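Novice: generate coordinates for the sequence data below:
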Amino acid sequence: MNRVNSDKGSRMWEVWWLAPSVRATGTTKQGAKVVVYAHENNYFSNPANVKDAVDNKKLVNGAGPMPQDQFYSLLEREGNGRVFVVDYDKLKRSSSSVISVDDALYHPQTIPFLGSKDTAERYLVKHRKVYGDKIGVWHTDDLEDEPMARMLFLGISDGNGLSGDDLDYSSRLLGVAPEAQSAREREGLEGTVEVLGEGKFLRRGGRLYMPVPEGLDLK
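Specialist: Numbering: from 1, shown residues only. Just a heads-up that it's a prediction; the model follows:
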């Protein structure tokens with residue numbers, strides 16, 4: 001969570017960001033309705049799957065269909081520190097609005113969205129310093145006959161905080177230069193960078209990165 005490590009005035013806090021993480025809604029094999037927050041490689045990590053969902057008009061209220069086996073795969077990874085499962089009804093009953101930063105840590109979306117209690121606590125401290133004592137925690141009812149998912153979104157104001165983005169909306173992803181793909185081959189870094197999704201993502205030190213083309217303007 002690069003915002004946690006950035007000070008007020010940093011570009012990290014001055015623009016909104018789309019994360020390569022997803023919030024997916026569906027049912028377990030036992031029939032329980034759940035919402036999964038996954039901060040690792042997933043079905044929509046592949047841009048071709050996003051394009052297919054948009055071009056073929058598969059979106060429902062901005063969320064895209066995720067194959068059932070892909071959803072089950074995420075569920076199987078619960079407990080690995082990067083995948084979190086929340087009861088659907090508990091999330092649905094919770095507020096989807098601007099709330100006090102003091103209350104945000106106890107909202108069922110906040111910790112799964114930000115990846116851990118420690119990160120959430122530090123993020124909320126920084127959010128208060130940058131934006132004030134209010135934060136938007138937004139979620140949508142994406143329950144359908146098949147799993148539906150959307151990417152996570154970090155806003156740039158007190159009201160535009162933690163949300164899920166429509167797959168056909170604009171995107172801004174934090175990336176690293178293409179040469180970082182060879183980082184694990186450099187002296188002293190052997191084995192520290194994991195290549196995911198056929199090179200589409202890199203994981204190092206528990207963080208997920210998306211390589212971007214050289215010279216890409218992220219403004």
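
Novice: which strand is the longest one in the chain?
Specialist: With residue count as the measure and DSSP state E as the assignment, the chain has strand 17-27 as its longest strand.

Novice: remind me, longest helix of this protein?
Specialist: With DSSP state H applied, the helix covering the greatest number of residues in the chain is identified as helix 117-131.

Novice: who are the packing partners of that helix?
Specialist: Helix 117-131 sits against helix 11-14, helix 101-104, helix 110-114, with contacts defined as 3 or more CB pairs under 8 Å, 6 or more residues apart in numbering; DSSP states H and E. C-beta: built from backbone N, CA, C; applies to glycine.

Novice: first vs last residue of stretch 78-96, how far apart are they?
Specialist: For stretch 78-96, the separation between the terminal residues is 24 Å (CA to CA, to the nearest Å).

Novice: please identify the buried residues of it?
Specialist: When burial is assessed from 16 or more other CB atoms under 10 Å, stretch 78-96 yields the following buried residues: R82, V83, F84, V85, V86, Y88, L91, K92, S94, S96.

Novice: which other residues reach it?
Specialist: Identification of contacts with stretch 78-96 by CB atoms under 8 Å, 6 or more residues apart in numbering yields 25, 32-40, 74-75, 77, 107-109, 111-112, 115-116, 137-141, 143, 206.

Novice: which helix or strand in the protein has the lowest average pLDDT?
Specialist: The helix or strand of the chain with the lowest confidence, counting by mean pLDDT, DSSP states H and E, is strand 175-176 at a mean of 42.

Novice: all strands of the chain, in order?
Specialist: All strands of the chain, identified by DSSP E, fall at 17-27, 33-38, 64-65, 83-87, 97-100, 134-137, 148-154, 162-165, 175-176, 193-196, 201-204, 207-211.

Novice: partners of the fifth one, with directions?
Specialist: The one in question is strand 97-100. In the sheet containing strand 97-100, its partner strands are strand 134-137 (antiparallel), by DSSP bridges.

Novice: how about the second one?
Specialist: For strand 33-38, the paired strands and their directions (DSSP bridges) are strand 17-27 (antiparallel), strand 83-87 (antiparallel).
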